[in-house]
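Student: After the sequence you'll find the predicted model.
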Amino acid sequence: MNPTNIVILGGGFGGLAAANELRQNLPQDARITIIDKKDWFMMDLVKLWIINGTREFETSKRSLENVTKKGIEFVNEEVIKIDPEHKTVRTSYRQFHYNYLIIALGVELAPEQIHGLKENSLILYDLKDVPKIRDAIKQMKSGKIVMAITGMPYKCPPAPFEAALLIRSVLEEQGTSDSIKMEFYSPAPLTLPAGGPQVSEDILQILKSKNIEFQGNHKTVSVEPNKIKFENGETDFDLLITVPPHKAPSVVTASGFAQPGKFIETDRTCKTNFENVYAIGDVNQIMVTDKIAVPKAGIFAEEEGITVARNIISQIAKEMQNAVFDGKGGCFLETGKKVAGYLAVDMFATPNPLTELRPASGEHFSEKEKFERERLEKWL
Ligand SMILES: Cc1cc2nc3c(=O)[nH]c(=O)nc-3n(C[C@H](O)[C@H](O)[C@H](O)COP(=O)(O)OP(=O)(O)OC[C@H]3O[C@@H](n4cnc5c(N)ncnc54)[C@H](O)[C@@H]3O)c2cc1C
């Protein structure tokens, strides 16, 4: 009998979690292959530590080749086509056949959707711009930093606020904080809509306490040198840091898994409309209510990866288990000086999703460090 081929597209948070769960529970003759165009993994949260100067990219990334030591195959190629009818995936060089496919390709940043954004701002989520943000805030002596979320949904809803607080903390350390104004714009009315009004208010107060002025309901339409324009006004800046619009990776849209401008819609099993094809993590969209979707976060990508892996394992064993993603998790809200709050989330709580912000402490910051360390040790 031919061995079972499980192909995982994307060696990020979700792909690595799924691959490890599968490898630990399946016999060695089951082939598990991760395909990724990058040959390294680094948690996105480290980008914030590069900005505050406590980390560097070179010493924070891990080689994806390390998965081969555990009997997971790794292919460092770009996926250019997914053909669910013939159960194949094409990369630039070859074709792979699968029995089970897990799409864990994350999102693509799409700054080009807003005129002038790429040219006139530094992109918080773009690894190339992260050291430039560090340099810019170090060099700035006075003036105005504007931060703007320019599209929804975006990865890790609290991360831009963490970034603002960490930047303020760097400015405080270098004695320039009093002469640098910080403003934060979002198209959403609240800081953290998925977290609800109370948590949003808590975050607003934390921002206020650090002299960061939050302006909701500001949809960015274009950016010019030193000026950002919204549907309802404009403001000038000396430094603009943005979260760009996100979109599903082109290969996902081109292969018919998502409509342009959308992500892959799934329920809590993460099954797609195609046989034995699952979509996990940022690339999917799981609606919780008619307005609220599961936020795009590593912790949820990981849980979805484990859920899907367990269902594949039980299908291979011809058992009937059908686990669903439970929507529980948590995210840190780092506020600077090795202190963090913790957002405990239960997306499928009844009658409404539940988020609680636990107060900032040194312990939560240590847990954030542990969050990264434990996963790197386990996965790579
Ligand atoms: C600044 C910042 C801070 C964050 N902090 C946190 C946090 O504290 N906690 C948390 O839970 N989440 C956090 N997140 C969110 C988290 O990083 C993402 O939600 C998570 O990475 C999603 O996992 P994923 O597996 O869906 O996608 P990813 O981890 O993005 O992995 C996708 C992989 O697919 C690969 N890929 C894409 N297209 C192709 C292709 N065509 N061919 C081959 N390979 C391809 C990519 O190279 C990538 O390796 C943060 C995000 C940011 C930006």
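Tutor: Perfect, I can see it now. Everything numeric here is computed off the predicted structure, so don't read it as measured data.

Student: Whichever residue of the stretch 1-150 of the chain sits closest to the ligand: what's it in contact with?
Tutor: The ligand sits closest to residue 12 of the stretch 1-150 of the chain, with a gap of 1.9 Å, by CB to the nearest ligand atom. No exception for glycine: its C-beta is placed from N, CA and C like everyone else's. Taking CB atoms under 8 Å, 6 or more residues apart in numbering as the criterion, residue 12 is in contact with 36, 41, 104, 106, 281, 301.

Student: Quick check: residues of the stretch 51-200 of the chain near the ligand?
Tutor: Within the stretch 51-200 of the chain, the positions adjacent to the ligand are 78-79, 104-106, 125, 155-156, 159 by CB under 6 Å from any ligand atom.

Student: Pull out the buried residues from those.
Tutor: 79, 104-106, 125, 155-156, 159 (16 or more other CB atoms under 10 Å).

Student: In the protein, where is pLDDT below threshold?
Tutor: Applying pLDDT under 70 to the chain flags residues 1.

Student: wait, doesn't residue 117 sit right on residue 224?
Tutor: No. Counting by CB atoms under 8 Å, residue 117 does not reach residue 224; the two are 10.4 Å apart.

Student: Give me the more crowded residue out of these two.
Tutor: Each of residue 117 and residue 224 has its neighbours counted (other CB atoms under 10 Å); residue 117 has more, 23 against 13.

Student: Quick check: phi and psi at residue 342.
Tutor: The phi and psi torsions at residue 342 (degrees, to the nearest 10) take the values phi -140, psi 130.

Student: Could you do residue 299 as well?
Tutor: Torsion angles, degrees, to the nearest 10, at residue 299: phi -60, psi -30.

Student: Now it: closest residue in space that isn't a chain neighbour?
Tutor: residue 329 (3.9 Å; CB to CB, 6 or more residues apart in numbering).

Student: Report the distance from the one helix or strand that neighbour maps to to the chain centre.
Tutor: Per DSSP states H and E, residue 329 falls inside strand 328-336. Centroid separation between strand 328-336 and its chain, computed with CA atoms, centre = their mean, to the nearest Å, is 13 Å.

Student: Please write out the alpha-carbon positions of that strand in PDB.
Tutor: Below are the C-alpha coordinates for strand 328-336, written out as PDB (Å, rounded to 0.1, in the frame of the first residue of the first chain):
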ATOM      1  CA  LYS A 328      -9.700  29.500  23.600                       C
ATOM      2  CA  GLY A 329      -6.300  31.200  23.900                       C
ATOM      3  CA  GLY A 330      -4.500  34.200  25.100                       C
ATOM      4  CA  CYS A 331      -2.300  37.000  23.900                       C
ATOM      5  CA  PHE A 332       0.100  39.300  25.600                       C
ATOM      6  CA  LEU A 333       0.000  43.100  25.700                       C
ATOM      7  CA  GLU A 334       3.500  44.200  26.400                       C
ATOM      8  CA  THR A 335       3.700  47.700  27.800                       C
ATOM      9  CA  GLY A 336       7.500  48.200  28.000                       C
END
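
Student: who's in contact with the closest residue to residue 10 other than its chain neighbours?
Tutor: In this structure, residue 10 finds its nearest non-sequential neighbour in residue 104, 3.8 Å apart by CB to CB, 6+ apart. Taking CB under 8 Å, 6+ apart as the criterion, residue 104 is in contact with 8-10, 12-15, 18, 279-281, 283, 301, 305.

Student: Please narrow these to those residing in strands.
Tutor: 8-9, 279 (DSSP state E).

Student: From those residues, keep the buried residues only.
Tutor: Judged by 16+ other CB under 10 Å, buried ones among those: 8-9, 279.

Student: could the residues you listed go into JSON lines alongside distance to residue 351?
Tutor: Below are those laid out as JSON lines (distance: CB to CB, whole Å):
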{"residue": "8", "distance to residue 351": "36"}
{"residue": "9", "distance to residue 351": "36"}
{"residue": "279", "distance to residue 351": "27"}
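
Student: who are the neighbours in contact with residue 282?
Tutor: Counting by CB under 8 Å, 6+ apart, residue 282 has contacts 14, 106-107, 155, 246, 263, 296, 301.

Student: For the residues you listed, work out which two are farthest apart.
Tutor: 14 and 246 (15.4 Å; CB to CB).

Student: More neighbours: these two, which one.
Tutor: Neighbour count, other CB under 10 Å: between residue 14 and residue 246, residue 14 has more, with 32 against 20.

Student: just to revisit the earlier point, now secondary structure too, for the buried ones among the residues of the stretch 51-200 of the chain next to the ligand, in JSON lines please.
Tutor: Listed next are those as JSON lines, based on DSSP: H, G, I helix; E, B strand; the rest coil:
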{"residue": "79", "secondary structure": "strand"}
{"residue": "104", "secondary structure": "coil"}
{"residue": "105", "secondary structure": "coil"}
{"residue": "106", "secondary structure": "coil"}
{"residue": "125", "secondary structure": "coil"}
{"residue": "155", "secondary structure": "coil"}
{"residue": "156", "secondary structure": "coil"}
{"residue": "159", "secondary structure": "helix"}
